[in-house]
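[1] Predicted coordinates and the sequence they were generated for:
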Amino acid sequence: MNRHDVEWSGYWPAASTPFAADGSVDEPGLRQLMDLYVSQGVHGVLINGSTGEWFSQSVAERRQVAEVAVDAVAGRIPVVIGVTASTADEAIALARHAESAGADGALATVPPYVHPSPAEALEFYREVSGATALPFMVYNWPRGVSADLAQVPGLMSDLADLPNVAAIKDSTGDWNAMVGTVQEVAERVRVFGSLSHRKGLAIMAGLGGDGAIDGGGVAAPYGVPFYEAALAGNLDLARFWVDKYQAISGRLIAGDYSGRFASPISQLKLAMELLGQPAGRVRRPLLEVTDAGAIRDIAAILRAGELPLSADREAAVIAERATW
């Protein structure tokens, strides 16, 4: 496969997984979230990625979430399912399930904790990406796996040459390395990375790059039109939208993808709740954001970013979370 075999580009949320107060998967909430994303005009969605808390789900739950999401989206946008696991066999089983559920693609990091060598990483992706007919997205996520594929000369190029690999999601905290990935492979496969800012706009206009997969999609009202303008070559309009995007995202997430107020997923679900979106609870080991000061700080960022948040809603969330 190559970049022309898929129409993957633009602004994608990495969906959170709503959990009910009793810890179960909130299927109605997940369906509502998929409908919200489609109504916002996002260009695709990633399910059971890092933001989806795959690490706290059982295999049965991961399959449940994948099936519900694919069914709810109903072909309106591409759905890629995260299949990261500790072994290639586990990832392959999840990828095959994603294929049978009707997903449009699969994604995985290298196995967490393992610290694979470049040769081991390449072989892992060869096995997993080749186990189904689905287009595959390689996910470089050093924050989560403590291995940065973008730092190994030639490795991204070798991964791009694997037969079923159609895209790379490069979430290295080293922005220059991400740019190197774009330069090395963007003519062959789709590249999603840290491009949602003016520097990223310049890279897309000069070297290539296809979009971003953004944790949760809170700033979708600005991320969607930014990528549409950028990919259409309307740079002035793209700059307008990306400045609005950065006024929110840049104040919530640091350059290394850490959260500025709490764990990224915990603060994301708080932000979603403040905006009236179907966020649900986090699962341990993550903790809910209950500190009233932090809630007010995040609410102030959302409000300054011109997202719809009333004082009454903020007060209600503070009061509710004080009981958690």
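    Yes, it's here. Residues are numbered from 1 along each chain as shown.

[2] Give the buried residues for the longest helix seen in the chain.
    Across the chain, the longest stretch assigned as helix under DSSP state H is helix 235-252. Buried positions in helix 235-252, judged by neighbour count with 16 or more other CB atoms under 10 Å: 238-239, 241-242, 244-252. Just so you know, the C-beta spots here come from the backbone N, C-alpha and C atoms, and that holds for glycine as well.

[3] Repeat that for stretch 136-147.
    For stretch 136-147, by 16+ other CB under 10 Å, it's F136, M137, V138, Y139, N140, W141, P142, G144, V145, A147.

[4] Need the max-distance pair from the residues you listed.
    F136 and P142 (19.5 Å; CB to CB).

[5] related to what we said a few turns ago, quick one: list the elements packing against the longest helix of the chain.
    Helix 235-252 is packed against helix 198-206, helix 220-231, helix 264-274, helix 292-304, with contacts defined by 3 or more CB pairs under 8 Å, 6 or more residues apart in numbering; DSSP states H and E.

[6] at 10 Å what do you get?
    Secondary-structure packing of helix 235-252 (3 or more CB pairs under 10 Å, 6 or more residues apart in numbering; DSSP states H and E): helix 198-206, strand 211-215, helix 220-231, helix 264-274, helix 292-304.

[7] Could you check the angle it makes with helix 264-274?
    Relative orientation of helix 235-252 versus helix 264-274 (axes from the mean of the first three to the mean of the last three CA atoms, to 10 degrees): 110 degrees.

[8] Just want the angle from helix 235-252 to helix 292-304.
    Using the same axes, to 10 degrees: helix 235-252 against helix 292-304 is 170 degrees.

[9] Show the average pLDDT along helix 235-252.
    Helix 235-252 comes out with an average pLDDT of 95.

[10] quick check: angle from that helix to helix 220-231?
    140 degrees.

[11] from the chain's centre, how far out does stretch 78-96 sit?
    How far stretch 78-96 lies from its chain's middle: 15 Å, per CA atoms, centre = their mean, to the nearest Å.

[12] Ends of that stretch, what's the gap?
    Distance across stretch 78-96, first residue to last, is 17 Å (CA to CA, to the nearest Å).

[13] tell me the mean pLDDT for that stretch?
    For stretch 78-96, the per-residue pLDDT averages 98.

[14] repeat for stretch 285-302
    On average, stretch 285-302 scores 96.

[15] List the buried residues in it.
    L286, V289, T290, A294, I295, D297, I298, A299, I301, L302.

[16] Run a quick neighbour tally on the closest residue to W241 other than its chain neighbours.
    Closest residue to W241 apart from its sequence neighbours, by CB to CB, 6 or more residues apart in numbering: F226 at 3.8 Å. Neighbour count for F226, taken as other CB atoms under 10 Å: 29.

[17] I am assuming F226 contacts G41, so please confirm or correct that.
    No: using CB atoms under 10 Å, F226 makes no contact with G41, being 11.7 Å away.

[18] Find residues that contact each of the two.
    Taking CB atoms under 10 Å, 6 or more residues apart in numbering as the criterion, F226 and G41 both touch G10, Y11.

[19] what pLDDT does the closest residue to M1 other than its chain neighbours get?
    Nearest residue to M1 in three dimensions, chain neighbours excluded: A166, at 4.4 Å (CB to CB, 6+ apart). pLDDT for A166: 98.

[20] contacting residues around R188?
    M1, N2, R3, H4, S157, A160, D161, V165, A166, I168.

[21] Look at the second one and say how many residues are nearby.
    Using other CB under 10 Å, N2 has 16 other residues around it.

[22] Look up how far G211 lies from it.
    17 Å (CB to CB, to the nearest Å).

[23] ok, which pair from the contacts of R188 is furthest apart?
    H4 and S157 (17.8 Å).

[24] more crowded one of those two?
    Taking neighbours as other CB under 10 Å, H4 and S157 compare with S157 leading, 13 against 10.

[25] Kindly indicate whether that one is helix, strand or coil.
    Assigned state for S157: helix (three-state reduction, DSSP: H, G, I helix; E, B strand; the rest coil).

[26] wait, it sits on A186?
    No: the pair S157 / A186 is not scored as a contact, 11.2 Å apart, by CB under 10 Å.

[27] Name the nearest residue to G200, ignoring sequence neighbours.
    S194 (6.4 Å).

[28] Hmm, the one you found is touching G250, no?
    No: under the criterion of CB under 10 Å, S194 makes no contact with G250, lying 11.1 Å away.

[29] still on that earlier bit, would you format the buried residues of stretch 285-302 as CSV with distance to W324 included?
    Output for those, formatted as CSV (distance: CB to CB, whole Å):
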residue, distance to W324
L286, 13
V289, 10
T290, 6
A294, 13
I295, 12
D297, 18
I298, 16
A299, 17
I301, 21
L302, 20
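
[30] of all those, which comes closest to G200?
    I301 (20.5 Å).

[31] what's the nearest residue to the closest one if we skip its chain neighbours?
    Using CB to CB, 6+ apart, the closest residue to I301 is R251 (4.8 Å).
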